[in-house]
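A.B. asks: Could you work out the structure for the sequence below:
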Amino acid sequence: MLSYQIVHDIPGRMRIRYGKYAFAENIETALYEKLIRSELVQEVEINHITGSILLLYQKDKRWELVELINALKIDEIQPLSDSSRIEKHYALVQKKVTQEYVNEFTKMLLRHYLFRWFLPASLQKINCFISAFKYIRNGLRELARGKINVPVLDATSIGVSMIGGQFTTAKDIMFLLSVSELLEDYTRKKTSLQLKESLALHIDRVWVLNEGSEIEMPVDQLKKGDTVVVQTGAMIPVDGEIVLGEALINESSFTGEPLSKMVGVDDTVFAGTVVEEGRIGIRVRNLQQESRISKIVDMIDTNESLKAGIQSKAEHLADSIVPFSFFGFFGMLLLTRSFTRAASILLVDYSCAIKLSTSISVISAMQEASRHAIMVKGGKYLEAMAEADTIVFDKTGTLTNACPSVQKVTPMDGYSRDEVLRIAACLEEHFPHSVANAIVKQARLENLHHEEEHAKVEYIIAHGIITTLHGQRAIIGSDHFIFEDEKIPKTDQAISIIEELQKDGASSLIYLAIGNHLAGIISIYDPLKDEAKEVIQSLREAGFGHIVMLTGDCEHTAKHIARELGIHQYQANVLPEDSKLC
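C.D. replies: All right, here's what the predicted structure looks like:
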């Protein structure tokens, strides 16, 4: 077993070192995933060259972290079977991007000074002319368009320096311009990666149905028309139609709806959603790169490039002061007849700094926001926030806990409330999913213990449960299953109760029937976060006159939540691409 040394240790941050090349580069991803899965660990950085691992962790969990490290058997960790995961893993991609730009900057620095120190003067001049070509070309192109702007100024500054024999000055100008471009490009690329990470699909291999058998293959080898098999707990990798099976699908990544949706043959499913229960075959309609969630990622990438008004103003200001630099240049040349003094006016111009610094500032602000879990889709949106009087909330997971809970238990047909909840928990505990867990948890909280008094249960995926209880047929499940499939009578009393529960904000209703009669209805909802009302009120006091809620939930649920929070404008049944404010 490899030994390690703690080389840096402060609360919340620890660096350990196993030694140079103690582990191979190809296990970095597997090692990263093994560590990041721990609840103790918040961030991980790994360097196989130095054999070091930097861990950011919960400050009060140092000894637990040490135990985790001691149990880590690095020499037994196997590299992931699919090498493409290394390329797709955002943490490693960002590390690779950073390393690429550091390498590029190092090359620029070495090339600049090595040429200056060791290249003969004649060759330095030739190299200067070659490097200046692109700047002069860009300047001439802008002049041809009738513009006198920063590229023209850059070209003139470089050209004047070369004409005056100041080749070192010309090279310095080009070096600084190259460094500015490199830094701007790096900041923009890294920010874009951070913005897209939360929506990206991390799926590398899928199971495909081929002539009656299932074959595992890389996702990038999928073709339209293939049938992908997805089972309980797996994320759907493509957009398509179901051709076999049925399942409960969690679409919260799209709709915000915390409760699962039943789907079957001919229904459409989307990449990024999760099969909560069941097994389905999906005919591929759109591959990963064409899927709806990929389009959302592309939208983020596109909008990120939208400039803030201050950027446009800065660029306009930078371009507008360029003519004054030229007036100063020619004026000084006429007064002093000194080409060197006149050229100095061009060299101390501030337009480039204005143009570059503003862009970098906006992008850096976006990057800093992403570190605090705030996604800014473009510079113009960041700037607009200062004048905003409207704020839009997603419901699930933002205003609510995204964790289904029992809201109300309504007994019927002579049963008591406790009996309905106890029997429902007794049946549902055999097949745990989000709604079943909510029912079982509520019974446990109320100390409603039960014994197994029913016969063997039969679970019908995405429908419900059938069993025998005290000699009577007992079923529990959805509206469709109870009233349509099992033909349980839907009385006027039941209809009235259902309408009342929906008005009260039920996200879903679960029905228990015993002996061909409805015994009770359990209302499931997604409770508000404790701080939601306080936050809404604070925003109003801060000047947000219009607060809007968007949700994929049904109208009844959305209306109830909006009423609880005092939100007057909302939209229900909304998908990401459909969210247009009225």
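A.B. asks: distance of residue 163 from residue 128?
C.D. replies: 12 Å (CB to CB, to the nearest Å). In this view, the C-beta of every residue, glycine as well, is placed from N, C-alpha and C.
A.B. asks: what do you get for residue 473?
C.D. replies: From residue 473 to residue 128 the distance is 91 Å (CB to CB).
A.B. asks: again, but for residue 224
C.D. replies: For residue 224, the distance to residue 128 - CB to CB - is 54 Å.
A.B. asks: rewinding a little: between residue 163 and residue 128, who's got more neighbours?
C.D. replies: residue 128 (20 against 11; other CB atoms under 10 Å).
A.B. asks: got the contact list for that one?
C.D. replies: The contact partners of residue 128, by CB atoms under 8 Å, 6 or more residues apart in numbering, come to 162, 167, 170, 171.
A.B. asks: Leaving out chain neighbours, which residue sits closest to the last one?
C.D. replies: Counting by CB to CB, 6 or more residues apart in numbering, residue 171 lies nearest to residue 128, which is 5.6 Å off, once chain neighbours are set aside.
A.B. asks: so residue 134 is in which element?
C.D. replies: Take DSSP states H and E as the rule and residue 134 turns out to sit in helix 121-144.
A.B. asks: Mind checking the pLDDT average for that helix?
C.D. replies: Across helix 121-144, pLDDT averages out at 89.
A.B. asks: just so I have it, where are all the strands in the stretch 351-500 of the chain?
C.D. replies: 390-394, 405-411, 458-460, 464-469, 472-477 (DSSP state E, counting those that start in this stretch).
A.B. asks: So for residue 147, which of those sits nearest?
C.D. replies: Closest to residue 147 of the strands of the stretch 351-500 of the chain, according to CB to CB: strand 390-394, at 37.7 Å.
A.B. asks: Show me what the closest one packs onto, helices and strands only.
C.D. replies: Using 3 or more CB pairs under 8 Å, 6 or more residues apart in numbering; DSSP states H and E, the elements in contact with strand 390-394 are strand 546-550.
A.B. asks: Go ahead and name everything in contact with the helix or strand following the strand it packs on.
C.D. replies: Heading C-terminal from strand 546-550, the first helix or strand you meet, by DSSP H and E, is helix 555-565. Helix 555-565 is contacted from outside by 395, 399-400, 502-507, 525-526, 528, 532-533, 536, 549, 551, 553, 567-573, using CB under 8 Å, 6+ apart.
A.B. asks: again, only using 7 Å
C.D. replies: Contacts to helix 555-565, defined as CB atoms under 7 Å, 6 or more residues apart in numbering, come from residues 395, 399-400, 502-507, 528, 532-533, 536, 549, 551, 570, 572.
A.B. asks: Show me those residues that map onto helices.
C.D. replies: Under the assignment DSSP state H, these contribute 502, 503, 532, 533, 536 to helices.
A.B. asks: TSV for the residues you listed, including distance to residue 278 and neighbour count?
C.D. replies: Listed next are these as TSV, based on distance: CB to CB, whole Å; neighbours: other CB atoms under 10 Å:
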residue	distance to residue 278	neighbour count
502	26	18
503	31	12
532	33	20
533	37	14
536	38	20
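A.B. asks: OK, contacts around residue 7?
C.D. replies: With CB under 7 Å, 6+ apart, residue 7 has these contacts: 15, 16, 17.
A.B. asks: Between those, identify the one with the most neighbours.
C.D. replies: Of the contacts of residue 7, with other CB under 10 Å as the count, residue 16 tops at 19 neighbours.
A.B. asks: quick one, phi psi at that one?
C.D. replies: Residue 16 adopts backbone torsions of phi -120, psi 150, taken as degrees, to the nearest 10.
A.B. asks: before we move on, what about the one 5 residues further on?
C.D. replies: The main-chain torsion angles of residue 21 are listed as degrees, to the nearest 10 and equal phi 50, psi 30.
A.B. asks: What is the least confident helix or strand in this structure?
C.D. replies: Across the helices and strands of the chain, mean pLDDT, DSSP states H and E gives its lowest value to helix 84-88, namely a mean of 45.
A.B. asks: Give the next helix or strand downstream of it.
C.D. replies: Taking DSSP H and E, what comes next after helix 84-88 is helix 90-118.
A.B. asks: Next, the angle from that next one to helix 121-144.
C.D. replies: Interaxial angle, helix 90-118 versus helix 121-144 (axes from the mean of the first three to the mean of the last three CA atoms, to 10 degrees): 120 degrees.
A.B. asks: Could you list every helix and strand in contact with helix 90-118?
C.D. replies: Counting contacts by 3 or more CB pairs under 7 Å, 6 or more residues apart in numbering; DSSP states H and E, helix 90-118 is packed against helix 28-36, helix 167-197.
A.B. asks: With mean neighbour count added, can I get these in TSV?
C.D. replies: TSV is the format used below for the helices and strands packed on helix 90-118 (neighbours: other CB atoms under 10 Å):
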stretch	mean neighbour count
helix 28-36	18
helix 167-197	17
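A.B. asks: Nearest to residue 438 among those would be which one?
C.D. replies: Nearest to residue 438, of those and by CB to CB, is helix 28-36 at 28.7 Å.
A.B. asks: Pairing partners for the next helix-or-strand element following the closest one, with directions?
C.D. replies: Downstream of helix 28-36, the next assigned helix or strand under DSSP H and E is strand 41-47. Neighbouring strands of strand 41-47 in its sheet, by DSSP bridges, are strand 52-57 (antiparallel).
A.B. asks: Would you mark the buried spots in the partner strand?
C.D. replies: Across strand 52-57, burial judged by 16 or more other CB atoms under 10 Å covers 52, 53, 54, 55, 57.
A.B. asks: what angle sits between that strand and helix 28-36?
C.D. replies: Computed by the same axes, to 10 degrees, the angle between strand 52-57 and helix 28-36 is 30 degrees.
A.B. asks: Beyond strand 52-57, next helix or strand please.
C.D. replies: Downstream of strand 52-57, the next assigned helix or strand under DSSP H and E is helix 62-70.
A.B. asks: Could you give the average pLDDT over that next one?
C.D. replies: On average, helix 62-70 scores 90.
A.B. asks: next one: stretch 276-290
C.D. replies: The model assigns stretch 276-290 a mean pLDDT of 79.
A.B. asks: what sits up against it?
C.D. replies: Under CB under 7 Å, 6+ apart, the answer for stretch 276-290 is 201, 209, 219, 222, 224-232, 236-250, 260, 269, 271, 294, 433-434, 461-462.
A.B. asks: Okay, buried residues for it please.
C.D. replies: Within stretch 276-290, the residues scored as buried using 16+ other CB under 10 Å are 276, 277, 278, 280, 281, 282, 283, 284, 285, 286, 287, 288.
A.B. asks: Going by neighbour count, which residues in the helix holding residue 134 are buried?
C.D. replies: Those buried within helix 121-144 under the rule 16+ other CB under 10 Å are 124, 127, 128, 131, 132, 135, 136, 139, 142.
A.B. asks: For the residues you listed, work out which two are farthest apart.
C.D. replies: Taking CB to CB, no two of these sit farther apart than 124 and 142, at 27.7 Å.
A.B. asks: that older thread, identify whichever of the helices and strands packed on helix 90-118 lies nearest to residue 457.
C.D. replies: Of those, nearest to residue 457 by CB to CB is helix 28-36, at 36.5 Å.
A.B. asks: angle of that closest one against helix 62-70?
C.D. replies: Going by the same axes, to 10 degrees, helix 28-36 makes 150 degrees with helix 62-70.
A.B. asks: pull the CA atoms of helix 28-36 into CSV?
C.D. replies: Extracted in CSV, the C-alpha atoms of helix 28-36 (Å, rounded to 0.1, in the frame of the first residue of the first chain):
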residue,chain,number,x,y,z
GLU,A,28,-6.7,10.3,-12.3
THR,A,29,-10.4,10.3,-13.4
ALA,A,30,-11.2,7.1,-11.4
LEU,A,31,-9.3,8.5,-8.3
TYR,A,32,-11.1,11.9,-8.7
GLU,A,33,-14.6,10.2,-8.9
LYS,A,34,-13.8,8.0,-5.9
LEU,A,35,-12.9,11.0,-3.7
ILE,A,36,-15.6,13.5,-4.9
